[in-house]
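# Quick one: sequence plus predicted model below, questions after.
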Amino acid sequence: MRHYGPVAEREVRAASAGTAALRLAEEGRRLAAALPEGAAVVALDRAGTQWSSEELARRLDAWRREARPLVLLLGGPFGLEPRQADLAPRAGPRRGAGAVVPRLDDFARRALSQGRRPVTPEAFAPAPDWFEEYFGEEYLLLYPHRDAEDAERLVELLCRTVGLQPGWRVLDVACGTGRHGAAFRARGARVVGLDLSQQLLHRAQSTARLPVVRSDVRRIAVRAGTMDFTVNLFTSFGYFALDAEHVRALREMVATIRARGWFALDFLNALRVPAELIPREEGELAGRPVRIHRWLDPAGQYVFKSITTDDGRRFVERVRLFTAGELERLISAAGCRISVRLGDYDGGPLAADSPRVILAGQVA
């Protein structure tokens, strides 16, 4: 267990008066009150569903990726109160166009018996990260109205900033549906959109009419030194669990740029996130209600957003909260010297309370 994070033991005082049923109910209330918010809860009960080592490893990996605390519940002499040991049949992850993470009741509040099976190497194969499956058709339903006007403002600002010339080769990394790429093309650039999502690339081809490349940003399938201007816009960065992967992604992006070419990154302002975070709200997905939950990890390094539908599907986003200074250091280490620091799409200077962090610079 310590492979997945720190482990602590906490004892909840047993009830001492009343019948066995009353004592069990009181212990159940005490256990429920002691559970951390958002925790994944596993009840250890003799009558529970047996999980293999492989299944447990996959679930632990999924909880770790969501930065959710894991609680293993052990009962007293009377066992666990039934609400803590929900013995409903296991419902595993549903796979679809988006990254559908099973709802809390599918992962948590399952009773786990202590049977054993042989451990195989495949047991510890990493689960797909959230961004690998998230940006599909359901993402387009969750966010149907990404603002084309904002895209136009940002692209116009960047074109003025770098002195974009007609015919420049522009690589839009994590291009999504191509709204920024279309704005660059309207200004005479030769644009290529790059993304991991087949669905979003199809939309970029069909609506924005961009040539596209499907590629992981950590291994960009574009020849080095061939771009005049490479961009990463609208907080399309910070998706990885390890900072080493973020470093690698930036190096890959900068490597695509010719000498004296430009790189630009548009990111959220991490300094504003804690104060402006809305923990819970209601929304809609294709006309149906959804519950939205946002939280920070204990270290304050990641912000999470989960969207739960009325039929129990759960979508989770995760973004690393890099400050402007951290981003500039990472970009500089990748080989690009930052000379432009802006705080909004109108070109205002970067400040602690700016809505955006926009950094641009040239490659040596």
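Perfect, I can see it now.

# quick one: the helices in the protein?
Secondary structure of the chain by DSSP state H: the helices cover 20-34, 53-65, 104-107, 130-134, 137-142, 148-162, 179-186, 198-206, 243-255, 273-276, 324-333.

# Any idea which of those has the lowest pLDDT on average?
Among the helices of the chain, helix 104-107 carries the lowest mean pLDDT, a mean of 34.

# Let's have the helices of the chain in JSON lines, adding distance to Y302.
Placement of C-beta: from N, CA and C, glycine included. Formatted as JSON lines, the helices of the chain follow (distance: least, Cβ to Cβ, whole Å):
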{"stretch": "helix 20-34", "distance to Y302": "25"}
{"stretch": "helix 53-65", "distance to Y302": "10"}
{"stretch": "helix 104-107", "distance to Y302": "19"}
{"stretch": "helix 130-134", "distance to Y302": "11"}
{"stretch": "helix 137-142", "distance to Y302": "19"}
{"stretch": "helix 148-162", "distance to Y302": "24"}
{"stretch": "helix 179-186", "distance to Y302": "25"}
{"stretch": "helix 198-206", "distance to Y302": "23"}
{"stretch": "helix 243-255", "distance to Y302": "11"}
{"stretch": "helix 273-276", "distance to Y302": "10"}
{"stretch": "helix 324-333", "distance to Y302": "13"}
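
# Dump these to a markdown table, plus distance to R314 and mean neighbour count.
Below are these laid out as a markdown table (distance: least, Cβ to Cβ, whole Å; neighbours: other Cβ atoms under 10 Å):
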| stretch | distance to R314 | mean neighbour count |
| --- | --- | --- |
| helix 20-34 | 21 | 15 |
| helix 53-65 | 11 | 18 |
| helix 104-107 | 8 | 18 |
| helix 130-134 | 11 | 19 |
| helix 137-142 | 11 | 18 |
| helix 148-162 | 28 | 18 |
| helix 179-186 | 27 | 23 |
| helix 198-206 | 19 | 18 |
| helix 243-255 | 24 | 19 |
| helix 273-276 | 21 | 11 |
| helix 324-333 | 30 | 17 |
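
# mind checking which of those is nearest E317?
Nearest to E317 among the helices of the chain is helix 130-134 (6.5 Å), distances taken as Cβ to Cβ.

# picking up where we left off before, for P289, which of the helices of the chain is the nearest?
Closest to P289 of those is helix 137-142 (Cβ to Cβ; 12.8 Å).

# domain assignment for this protein?
2-128, 137-272+318-363 (automatic domain parsing).

# what about the most centrally placed residue in the chain, distance to F304?
Residue closest to the average C-alpha location in the chain (Cα atoms, centre = their mean): R318, at 2.3 Å. Separation of R318 from F304 (Cβ to Cβ, to the nearest Å) stands at 5 Å.

# And V173, by the same measure?
From V173 across to F304, the span is 23 Å (Cβ to Cβ).

# which of those two has more neighbours?
Set side by side, V173 and F304 show more neighbours around V173, with 26 against 19, by other Cβ atoms under 10 Å.

# wait, A14 sits on E27?
Yes - with contact defined as Cβ atoms under 8 Å, A14 reaches E27; the gap is 5.9 Å.

# Quick check: pLDDT value at the closest residue in space to P349 that isn't next to it in sequence.
Closest residue to P349 apart from its sequence neighbours, by Cβ to Cβ, 6 or more residues apart in numbering: G343 at 5.9 Å. Looking at G343, its pLDDT stands at 98.

# ok, now R314?
For R314, the model assigns a pLDDT of 82.

# for the one 5 residues further on, same thing?
Each residue has a pLDDT score; the one for V319 is 95.

# now A40
On pLDDT, A40 comes in at 74.

# Can you tell me how far it is from V71?
As judged by Cβ to Cβ, A40 and V71 stand 7 Å apart.
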